[in-house]
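Visitor: with the sequence up front, the predicted model follows.
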Amino acid sequence: MEQDEQLDEITINTSKKNNIKEIISGITQLNIAEIKNIPLVLGERDILKVATTLPGIKSAGEGSEGVNVRGGKVDQNLFLLDDGVLYNPNHFLGLFSAINPFTTESLKIYKGNIPAEYGGRISSVFNIENKRCKYPKI
């Protein structure tokens, strides 16, 4: 014979903000701390080479600078370094990066649904933020 059991009351406390992982679709945030675990390219860590391992982003080709995002061309990407436009993120035919991964705090890549504040770039926006100085200016 089956018997029913009555359980005590259960209370679950949470916040709506904890359930949201991303507000904007099409944005990827690269974890800069994990770049230390990737293989080195010519003895140098390169954030943009790591970005080419993400879905929808590929290198423009051997011996050429830049990245192609979702079928776009190299000139359809916007690179921002602390809200300033970075025109050449690579040097010497794409072998060396102009971005130092040891001073970089975060990298957000907008591959789709780009906010209007970034202007009219068709393909993508790479928003790079540097670490802030911990020491007061003299």
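Guide: On my side now, so go ahead.
Visitor: hey, let's count contacts and neighbours off CA atoms from now on
Guide: Fine.
Visitor: let me see the contact set for Gly72.
Guide: Applying C-alpha atoms under 8 Å, 6 or more residues apart in numbering to Gly72 gives the contacts Ile122, Ser123.
Visitor: how does it look with 6 Å?
Guide: Listed by C-alpha atoms under 6 Å, 6 or more residues apart in numbering, the contact partners of Gly72 are Ser123.
Visitor: pLDDT wise, what is it at?
Guide: Looking at Gly72, its pLDDT is 84.
Visitor: so how far is Tyr135 from it?
Guide: 41 Å (C-alpha to C-alpha, to the nearest Å).
Visitor: so what would you say the end-to-end distance of stretch 106-124 is?
Guide: 16 Å.
Visitor: use 44 as the first number for this chain going forward.
Guide: Fine by me, first position is 44 from now on; the one you just mentioned is stretch 149-167.
Visitor: what's the average pLDDT for it?
Guide: pLDDT averaged over stretch 149-167 gives 83.
Visitor: I'd like the distance from it to the chain centre, please.
Guide: Mean-position distance between stretch 149-167 and its chain equals 11 Å (C-alpha atoms, centre = their mean, to the nearest Å).
Visitor: show me the contact partners of it.
Guide: 69-73, 112, 115, 119-120, 168-172.
Visitor: so which bits of that stretch are buried?
Guide: Across stretch 149-167, burial judged by 16 or more other C-alpha atoms under 10 Å covers Ser149, Leu150, Lys151, Ile152, Tyr153, Lys154, Gly155, Ile157, Ile165, Ser166, Ser167.
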